[in-house]
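# Sharing a model that was predicted from the sequence below.
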Amino acid sequence: MGKIIVIGAGPAGMMAAIAASEKGADVSLLESNEKAGKKLFITGKGRCNLTNDCPTDEFFSHVVSNPKFLFSSVYSFDHDEVKKFFEENGCQLKTERAERVFPVSDKSADVISALERKLKKNGVKFIKNCRVSGLLREAVRPDGDLPSELDVSDKMEKKKKLQYKYRVKGVLLENGEKLYSDAVIVATGGVSYPVTGSDGNFFRLLTTFGHSIKTLRPALVPLVIKDENCRKMQGLALKNISIELKYGKKLISKGFGELLFTHFGISGPLIFTASSEYSRKYGGVSRMLDENNAIKKDHSKKFDKSNDFGHNENVCVSGETADLYIDLKPAVKAEELEKRIIREFEANGNKLFKNYIAALVPGKMRDVFPDIAGIDPEKPVNKLTREERQAIVRNLKGMHFVVSGTRDFNEAIITSGGVNVKEVDPHTMESKLAKGLFFAGEMLDVDAYTGGFNLQIAWSTGHAAGVAAAEPPAELSSENNN
């Protein structure tokens, strides 16, 4: 079964190491941090929404980027397999609203402990505080001889295999030590939450193998709105509302749920979903990244737990402007709402608009709604014109804000973009350019909405990579070590 090295002890890396060791491989798991699952620990505000219990066929509708690439890996190791794995390894689970699966304890530490127990049981060598600076490789001769007895289909398969440029032989550590192996699985993550160790350095290394990297952008991230009225509503949470995010007349995203006003714009589950669509199609380029898709050194030092980033514009990514419309009364049609307002105005007589607002909108929105609707707050409600009533209805059914971008990677739950999946075998997660090089998790150009779907991608791709890497390596012609 050979020796396998897994780089990165996040969810994808740990699952890859477990899957490979289950097949009898000699596995070493390398982690640059002092412990495993540092980002996993803070997932879901420390509760860890580890998968989603929706039917597997439905899962792919929640994937933003390249859902077809995931067919094989997800069907081979779906949410039922994930739940079975964790419960068999001592982590009992529960399913909550929207089919989100959590540990019964509500502690992400229990998810990590289950993985660590299995790693130890399977004899995986876990090496912490270990940084990998390079991959050992040898070049593959592209014009190897084809045996004359091969039929046409065999020749095509041989030709396909010879597209490999390199064979990976192991890793080079930062301290100069070389570790040799039959396969290497790279699961170093994207660049979101860099404080957990996701620095993006491996993307530069992969380009030396010929791999292309799809633009990295923050995803499942708050949206930026440069509007004083928005800032004045900081801390206000809205529930059971609907939104539409548009680019011109083109609908980017719509949904129903919750959002939160902040000092820089809006956040919350509903916004995270919209931001993934916005960021990929209309988002800008982060100033946190250098030309090699790695976190700049002068930025990485700033991202610690004590830094709330305040109003620092450097933590924002400017993108194309888009229009956000918030429907505060999604269960009521505009015509019905206007009739109700007319009746209430008639009943309230000389009551000032600023005093009537409490019946219309919640909390801090009462202070800014007159300005948003363009109505004098001191005006009696029975003196409001038809146009002013319609302005009230228009803003209750579609309060408008202009989105100018997103927050940056330090506040993004995941990374959009990554290794081009056209250069990766979807069944095995093996590179099509380097034999023995496998990928798993967030560093691939696949991402999904919030709700446990991204961790399911990590488990599935990690499992697929681990199983495939444990297979005996096929022989390829090669020459001159690099």
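Everything's here; your move. Residues are numbered from 1 along each chain as shown.

# quick one: low-confidence parts of the stretch 1-150 of the chain?
For the stretch 1-150 of the chain, the stretches flagged by pLDDT under 70 are 1, 141-150.

# Just the helices from it, written as ranges.
Assigned by DSSP state H, counting those that start in this stretch, the helices in the stretch 1-150 of the chain fall at 11-22, 38-42, 56-59, 71-76, 79-88, 108-121.

# Could I have the CA atoms of stretch 25-32 written out in PDB?
Taking C-alpha atoms only, stretch 25-32 is exported to PDB below (Å, rounded to 0.1, in the frame of the first residue of the first chain):
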ATOM      1  CA  ALA A  25      -1.200   2.600   4.000                       C
ATOM      2  CA  ASP A  26       1.600   3.900   6.200                       C
ATOM      3  CA  VAL A  27       0.400   7.500   6.700                       C
ATOM      4  CA  SER A  28       2.100  10.600   8.100                       C
ATOM      5  CA  LEU A  29       0.000  13.700   8.800                       C
ATOM      6  CA  LEU A  30       1.900  17.000   8.800                       C
ATOM      7  CA  GLU A  31       0.500  20.100  10.500                       C
ATOM      8  CA  SER A  32       2.100  23.500  10.700                       C
END
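
# For burial, what's the neighbour tally of the closest residue to Ile413 other than its chain neighbours?
Spatially, and ignoring its direct neighbours in sequence, Ile413 is nearest to Leu220 (3.7 Å; C-beta to C-beta, 6 or more residues apart in numbering). Heads up, the C-betas are built off the backbone N, CA and C, glycines and all. Here the count is done by other C-beta atoms under 10 Å, and Leu220 has 26 residues near it.

# quick one: pLDDT of Leu220?
Listed pLDDT for Leu220 reads 96.

# does it really touch Leu455, like I thought?
No: the criterion here is C-beta atoms under 8 Å, and Leu220 misses it with Leu455 at 11.9 Å.

# Run a quick neighbour tally on Arg386.
9.

# And the helices of the stretch 1-150 of the chain: which comes nearest Glu31?
Taking C-beta to C-beta, helix 11-22 is the member of the helices of the stretch 1-150 of the chain nearest to Glu31, at 7.7 Å.

# Which residues does that closest one contact?
4, 6-7, 9, 27, 29, 31, 36-37, 40, 115-116, 118-119, 122-124, 185, 187-189, 438, 440-442, 455, 458-459, 461-467, 469-470 (C-beta atoms under 8 Å, 6 or more residues apart in numbering).

# Let's see which of these end up in strands.
Among the contacts of helix 11-22, the members falling in strands (DSSP state E) are Ile4, Val6, Ile7, Val27, Leu29, Ile185, Phe438.

# For these, which entry has the maximal number of neighbours?
If you rank the ones in strands among the contacts of helix 11-22 by neighbour count (other C-beta under 10 Å), Val6 sits at the top with 34 neighbours.

# From Arg340, how far off is that one?
61 Å (C-beta to C-beta, to the nearest Å).

# tell me the centre residue of the protein?
Centroid-nearest residue in the chain: Ile414, 2.7 Å away (criterion: C-alpha atoms, centre = their mean).

# Just list whatever residues bridge to it.
Ala219 (DSSP bridges).

# That one contacts Leu444, doesn't it?
No: taking contacts as C-beta under 8 Å, Ile414 lies outside contact range of Leu444: 11.3 Å.

# Tell me, what's the model's pLDDT at the closest residue in space to Pro222 that isn't next to it in sequence?
In space, and not counting its chain neighbours, Pro222 is closest to Ser267: 3.9 Å by C-beta to C-beta, 6+ apart. pLDDT recorded at Ser267 is 97.

# Quickly find the element holding Glu335.
For Glu335, the host element (DSSP states H and E) is helix 334-348.

# quick one: the residue nearest to Ile413 from Tyr278, how far?
11 Å.

# ok, now Val381?
Val381 is 38 Å from Tyr278, by C-beta to C-beta.

# pLDDT at the closest residue to Pro218 other than its chain neighbours, what is it?
Distances taken as C-beta to C-beta, 6+ apart put Ala412 closest to Pro218, at 3.3 Å, once the chain neighbours are dropped. With respect to pLDDT, Ala412 scores 94.

# Hmm, Ala412 is touching Ser198, no?
No: using C-beta under 8 Å, Ala412 makes no contact with Ser198, being 10.2 Å away.

# With neighbour numbers in mind, choose between the two.
Set side by side, Ala412 and Ser198 show more neighbours around Ala412, with 27 against 24, by other C-beta under 10 Å.

# Between all of the ones in strands among the contacts of helix 11-22, which two are at the greatest distance?
The span of the ones in strands among the contacts of helix 11-22, defined through C-beta to C-beta, is set by Leu29 and Phe438 at 13.6 Å.

# quick one: common contacting residues for those two?
Counting by C-beta under 8 Å, 6+ apart, Leu29 and Phe438 have no common neighbour.

# Please tell me how far Glu277 sits from His79.
From Glu277 to His79 the distance is 23 Å (C-beta to C-beta).

# That should have said Phe453, apologies.
Phe453 is 10 Å from His79, by C-beta to C-beta.
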